[in-house]
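In: Mind folding the following:
(2 chains)
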Amino acid sequence: MTATGSQRSQGPDEPTVPPALDFAEALNAFMSHREDLGMLQLLTPEGTLVSPPDRTPGYAPELLRTLYQDMVVSRAFDTEATALQRQGELGLWPSLTGQEAAQVGSAHALRPDDYVFPSYREHAVAWCRGVDPVDIVKLFRGVTNGGWDPKKSNFHLYTLVVGSHVLHATGYAMSLVKKGSDAAAIAYFGDGASSEGDVAEAFTFASVHEAPVVFFCQNNQWAISEPVERQLRGPLYRRADGFGFPGVRVDGNDALAVHAVTNAALEHVRAGNGPFLIEAFTYRMGAHTTSDDPTRYRRQTEVEHWRARDPIARLRTHLTEADHTTPEFFDEVEEKAREVAYRVRRETRTMPNPHRLTVFDHVYAEGHATVDEEREQSEEHHRNTIANGETE
Amino acid sequence: MPAEKMSLARALNEALRTALEEDPAILVMGEDVGTLGGVFRVTDGLKKDFGEDRVIDTPLAESGIVGTAIGLALGGYRPVVEIQFDGFVFPAYDQIVTQLAKLHARSDGRIRMPVVIRIPYGGGIGAVEHHSDSPEALFAHVAGLKVVSPSNPEDGYWMLRQAIRSDDPVIFFEPKRRYWDTAEVDLTARPEPLHQARVVRPGTDLTLVGYGPTVKLCLEAAEAAEGRSLEVVDLRTVSPVDFDTIQRSVERTHRLVVVHEAPVFFGAGAEIAARITTRCFYTLEAPVLRVGGYHAPYPAARLEEEFLPDVDRVLDAVDRSLAY
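Out: Numbers count the residues shown, from 1 in each chain, chains lettered A, B, ... in the order given. I've put the predicted structure just below:
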């Protein structure tokens, strides 16, 4: 097949037809993309700062220290919560370990008036938005189905049905345009969620409505036990092409690169150019949640490969070598992380169960006769129980 | 303003128009609701008058329509969503059930979801497959949703106005076979509360309860029931059900027949029968009977007359009740 563009007459009433590509060439180009796992990176796994050709990273030492501290604190919180689950204090815990750079790097690119739509593993983003880690634990301990006030931190409730919230982010972004705000929405989701129809529908809606939303996919390589090859066969970030907006792949274990790319994406969407897809290429070091056993589905060599790309270690090396810290800094960060973890442990173990009648609270904003009737029946049942001398 | 004669479709259009005029936070969105004015023309002319920012033609994706409406509500808007036909709501069912219905509870009351989902529903217009369905029980079963269905133009106008004002999500089922029925609508009337049933025809021998498309059928049956005085109650709302009004009626008549188009099995009639039996056990002279669709997929149009309840089937149930 050869290009046919020159053979077509270009009458004024004819639609513009894109020139045909040589199929083999196009296929090669696609395949080379697929094979090429190259991606934007500023900090190598060895901790060396690299500059992309067109940009000099001007990262202030203060920001680098903040990114480092928030990653360390998040990992300590995560480790503590995992331990609490193992000790029976939590029903479930989805660990974030390994994904700190993707979360902390992107979260620090956001403004306070931007709105975050997390999935259920975004504990580090929550921390950066000022959500109390104890409130996150409440959901997994089972004392509430929510846990925090989303409006206080512009950090929405976790969404456990994967992909659903990507549409909410899109609708919220549409509301920002209507209100004339230059804030943005960001939706965090995983490689598994990218298979959900809701994510595709969100891409469609955001694209046609030019909604200021950043789709932030943490491709952590595994959807519970299914490798990313079971979710998609083309590069994830290139899905954006088909929807008519830009997509980019970034080293998700490089907090600096994630920060830079998220900044650029936010700039893009705030300027009214429509949505942006970021694929943060990262790895979930632990189990999907405390309910699964990753040794059943993945090899230790793979885990070790990624351990050598640890997001915290590489920034620590850079901070040390660039002379951005004193030795005391690392001790202070460790101490702060220990304090947060300890407080989470103490407050989790003394967390009271909610009162039984809260089942009937907030089912409706305006009340519902059936809910009222059933609340009364429940109260009556408990009154009778007490009257019969049984302890409540 | 004096009462005006108009069709149900026109009354709904008036309600949307008034709501859009009154509150800039209200949005109308759905497939073909803008330039076309909706396939039933319920949104006719609204885009012309309020612009495409407020009357939004959406991509053809029902989950996307409801999911983005949830996001718009989080952003402070009050979306009124149209799902084109009853049979097309299921791609959006996940968003409605797992998200829209639960966000108020999950947020401990901090988030409100003032979203109305309008769905043309029911049979009787000879439509092709997946264009005639009565899925109200599937929504009424879900805590957090309110489910309503007007039976006439005046209720259509007022109930839609009230649904839009509600801070809870409302599934608003519009009986498509009644879209073209006309009646007087008093746009200045003081409406009854949204969830209050209404006795539309008093009687002494038996209570017929219907809602949406079957209220007219119940009235026709009551008219045709020679020598019997049948009371007709328009339920208006399937969640919550106004059991108090039904109970008072049954305490007068001692007999109850519930009529809906949806399949009887696990339907709204089953819930009404169970609760009214509990409340009126010593008053009832006969078991509560139900008339409705069969436990079968909605049939092809040439068979729908067999499937839908008609005057004969209602009167047959009346006879069976009175025979006890």
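In: Could you use CA atoms for every contact and neighbour count after this?
Out: OK.
In: Quick one: the strands in chain B, in order.
Out: Residue ranges of the strands in chain B, as given by DSSP state E, are B:4-7, B:26-30, B:55-57, B:78-82, B:116-121, B:146-148, B:170-175, B:182-185, B:198-201, B:206-210, B:230-234, B:237-239, B:256-263, B:289-293.
In: swap in the stretch 101-250 of chain A?
Out: Assigned by DSSP state E, counting those that start in this stretch, the strands in the stretch 101-250 of chain A fall at A:115-117, A:185-190, A:213-219, A:222-223, A:226-227, A:247-251.
In: can you list contacts of the second one?
Out: Going back to what we said before, that points to strand A:185-190. For strand A:185-190, the surrounding residues in contact (C-alpha atoms under 8 Å, 6 or more residues apart in numbering or on different chains) are A:114-119, A:122, A:162-163, A:165-166, A:169-170, A:172-173, A:212-220, A:223.
In: what's near enough to touch residue 202?
Out: Let's take chain A. Neighbouring residues of A:A202 by C-alpha under 8 Å, 6+ apart: A:166-167, A:170, B:64, B:68.
In: wait, I meant chain B there
Out: B:230-232.
In: And these, which of them are buried?
Out: Among the contacts of B:P202, those scoring as buried are B:230-232 (criterion: 16 or more other C-alpha atoms under 10 Å in any protein chain shown).
In: And the closest residue to B:T214 other than its chain neighbours, how far from chain A?
Out: For B:T214, ignoring the flanking residues on the chain, the nearest one in space by C-alpha to C-alpha, 6 or more residues apart in numbering or on different chains is B:H260 at 5.9 Å. Separation of B:H260 from chain A (C-alpha to the nearest C-alpha, to the nearest Å): 21 Å.
In: Residues of chain A that sit close to chain B?
Out: Taking C-alpha under 8 Å from any C-alpha of the partner chain as the contact definition, chain A meets chain B at A:144-150, A:157, A:161, A:164-165, A:167-176, A:178, A:198, A:201-202, A:204-205, A:361-366, A:368-370.
In: Buried members of these into PyMOL, please.
Out: Buried members of these, defined by 16+ other C-alpha under 10 Å, are picked up in PyMOL with:
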select buried, chain A and resi 144+145+146+147+148+149+150+157+164+165+167+168+169+170+171+172+173+174+175+176+178+198+201+202+204+205+361+362+363+364+365+368
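In: So which of the residues of chain A next to chain B sit within helices?
Out: Within those, residues falling in helices by DSSP state H are A:150, A:164-165, A:167-176, A:178, A:198, A:201-202, A:204-205, A:369-370.
In: Just the pLDDT for A:G11.
Out: pLDDT, A:G11: 44.
In: surely B:G38 meets B:V28?
Out: No: with contacts counted by C-alpha atoms under 8 Å, B:G38 stays clear of B:V28, the gap being 10.9 Å.
In: if we can go back for a sec, nearest to A:S194, of the strands of chain B?
Out: Nearest of those to A:S194, taken as C-alpha to C-alpha: strand B:26-30 at 24.3 Å.
In: quick one: contacts of the closest one?
Out: Contacts of strand B:26-30 (C-alpha under 8 Å, 6+ apart): B:19-20, B:54-58, B:65, B:77-84.
In: Please pick the buried ones from the residues you listed.
Out: Buried, going by 16+ other C-alpha under 10 Å: B:19-20, B:54-58, B:65, B:77-84, out of those.
In: ok, of these, which one's closest to A:V228?
Out: B:I65 (28.5 Å).
In: on that earlier part again, what's near enough to touch the residue nearest to B:T214?
Out: By C-alpha under 8 Å, 6+ apart, the neighbours of B:H260 are B:210-211, B:213-214, B:268-269, B:291-293, B:309.
In: Including pLDDT, distance to B:A189 and neighbour count, could these go into JSON lines?
Out: JSON lines is the format used below for the contacts of B:H260 (pLDDT from 0 to 100; distance: C-alpha to C-alpha, whole Å; neighbours: other C-alpha atoms under 10 Å in any protein chain shown):
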{"residue": "B:G210", "pLDDT": "98", "distance to B:A189": "23", "neighbour count": "26"}
{"residue": "B:Y211", "pLDDT": "98", "distance to B:A189": "21", "neighbour count": "25"}
{"residue": "B:P213", "pLDDT": "98", "distance to B:A189": "23", "neighbour count": "26"}
{"residue": "B:T214", "pLDDT": "98", "distance to B:A189": "24", "neighbour count": "24"}
{"residue": "B:A268", "pLDDT": "98", "distance to B:A189": "29", "neighbour count": "23"}
{"residue": "B:G269", "pLDDT": "98", "distance to B:A189": "31", "neighbour count": "26"}
{"residue": "B:V291", "pLDDT": "98", "distance to B:A189": "33", "neighbour count": "24"}
{"residue": "B:G292", "pLDDT": "98", "distance to B:A189": "33", "neighbour count": "22"}
{"residue": "B:G293", "pLDDT": "97", "distance to B:A189": "35", "neighbour count": "22"}
{"residue": "B:P309", "pLDDT": "97", "distance to B:A189": "32", "neighbour count": "21"}
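In: which of those residues lies closest to chain A?
Out: Nearest to chain A among those is B:A268, at 13.8 Å by C-alpha to the nearest C-alpha.
In: that older thread, compile the contacts of B:P202 into JSON lines and extend it with columns for pLDDT.
Out: As requested, the contacts of B:P202 are exported to JSON lines (pLDDT from 0 to 100):
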{"residue": "B:L230", "pLDDT": "98"}
{"residue": "B:E231", "pLDDT": "98"}
{"residue": "B:V232", "pLDDT": "98"}
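In: of those, closest to chain A?
Out: So of the contacts of B:P202, ranked by how close each gets to chain A (C-alpha to the nearest C-alpha), first place is B:V232, at 21.9 Å.
In: Is that closest one in contact with B:T207, as I believe?
Out: Yes: applying C-alpha under 8 Å, one finds B:V232 in contact with B:T207, separated by 5.8 Å.
In: what residues are up against the spatially closest residue to B:L36 that is not a sequence neighbour?
Out: In this structure, B:L36 finds its nearest non-sequential neighbour in B:D44, 7.0 Å apart by C-alpha to C-alpha, 6+ apart. Counting by C-alpha under 8 Å, 6+ apart, B:D44 touches B:13, B:33-38.
In: Now for these: which two are most distant?
Out: Farthest-apart pair in the contacts of B:D44 is B:N13 and B:T35; separation 14.4 Å (C-alpha to C-alpha).
In: ok, those two, which is more surrounded?
Out: The neighbour comparison of B:N13 against B:T35 (other C-alpha atoms under 10 Å in any protein chain shown) goes to B:N13, with 22 against 16.
In: State the distance from the closest residue to the more buried one other than its chain neighbours to B:S7.
Out: Excluding the flanking residues, the one nearest B:N13 by C-alpha to C-alpha, 6+ apart is B:V42, at 5.1 Å. To B:S7, B:V42 is 10 Å away according to C-alpha to C-alpha, to the nearest Å.
In: can you check B:P213 too?
Out: Distance check for B:P213 against B:S7: by C-alpha to C-alpha, it reads 14 Å.
In: In the stretch 1-150 of chain A, where is pLDDT below threshold?
Out: Judged by pLDDT under 70, the stretch 1-150 of chain A has its weakly predicted residues at A:1-38, A:51-58.
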